[in-house]
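[1] Please work out how this folds:
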Amino acid sequence: MNLAQENKINAEDSPKERELCRSVMLILYGISLKKLREQEIMRAKYEAEEMGKLKSYFPSDISHEMRTHLTSILGFSEVF
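    Next up, the predicted model:
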């Protein structure tokens, strides 16, 4: 008898054996769901951190770009 046949639930199993198999399956299913949720949380955390970085870089880049143009405009206004 191979492993698949040994672990198979059939009508000859006692109610206790069937209940034990169901319990184990539910526990494994719960663990799988928990792992999937943890992965989703980690992915969301990573994306939030990346957005936070972009959010902090964006104003500094924009302000630099604005300063560059404003300096050029002020420079040209002094020339004329």
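[2] Please, where are all the strands along this protein?
    Assigned by DSSP state E, the chain shows no strands.
[3] Going by residue numbers, what spans are helices in it?
    Shown for the chain, the helices assigned by DSSP state H span residues 3-7, 15-79.
[4] lowest-confidence helix or strand of this protein?
    Lowest by mean pLDDT, DSSP states H and E among the helices and strands of the chain is helix 3-7, with a mean of 54.
[5] related to what we said a few turns ago, mean pLDDT for the helices of the chain: which is lowest?
    Among the helices of the chain, helix 3-7 has the lowest mean pLDDT, at a mean of 54.
[6] export the helices of the chain to CSV and tack on mean neighbour count?
    All C-beta atoms are positioned from the backbone trio N, CA, C, and that covers glycine. CSV is the format used below for the helices of the chain (neighbours: other CB atoms under 10 Å):
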stretch, mean neighbour count
helix 3-7, 8
helix 15-79, 10
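[7] what's the distance between Glu17 and Ser23?
    11 Å (CB to CB, to the nearest Å).
[8] Then Pro15?
    12 Å.
[9] again, but for Lys53
    Lys53 is 45 Å from Ser23, by CB to CB.
[10] Also Ile31?
    Separation of Ile31 from Ser23 (CB to CB): 13 Å.
[11] One more: Arg43?
    Counting by CB to CB - Arg43 and Ser23 are separated by 31 Å.
[12] How about Glu38?
    23 Å.
[13] Quick check: pLDDT value at Asn10.
    59.
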